[in-house]
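>>> just a sequence and a predicted model for now, questions to come.
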Amino acid sequence: MRDGGVLQFKEVIASVESIVHHYEFACFSVMV
């Protein structure tokens, strides 16, 4: 059960990181 929580936590972190990278890429494109 604990492993499942860790897996879900990692999935949330991965999704947040992908959103952050997409946002940074969008800002970079606008600046350029």
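Noted; the coordinates are in hand. Residues are numbered from 1 along each chain as shown.

>>> ranges for the strands of the protein?
Counting by DSSP state E, one finds no strands in the chain.

>>> where in the protein is pLDDT low?
1-2 (pLDDT under 70).

>>> so for it, the centremost residue is which one?
With distances taken as CA atoms, centre = their mean, E17 lies nearest the centre of the chain, 2.0 Å away.

>>> how close does that one get to E24?
10 Å (CB to CB, to the nearest Å). C-beta coordinates here come from the backbone N, C-alpha and C atoms, glycine included.

>>> just M31 next, same as before
In this view, M31 and E24 are 11 Å apart by CB to CB.

>>> more crowded one of these two?
Shown here are M31 and E24; by other CB atoms under 10 Å, E24 has more neighbours (10 against 6).

>>> can you pull out the helices in the protein?
Per DSSP state H, the chain carries helices over the ranges 2-31.

>>> hmm, who's touching stretch 5-16?
Stretch 5-16 has contacts (CB atoms under 8 Å, 6 or more residues apart in numbering) with no other residue.

>>> how far off centre is that stretch?
Using CA atoms, centre = their mean, to the nearest Å, the mean C-alpha position of stretch 5-16 is found 9 Å from that of the whole chain.

>>> ditto for stretch 24-32
Mean-position distance between stretch 24-32 and its chain equals 17 Å (CA atoms, centre = their mean).

>>> could you report the neighbour count for S15?
10.

>>> and if you look at F9?
F9 has 10 nearby residues by other CB under 10 Å.

>>> what's the spacing between it and S18?
Counting by CB to CB - F9 and S18 are separated by 15 Å.

>>> same question, E11
Per CB to CB, E11 is found 11 Å from S18.
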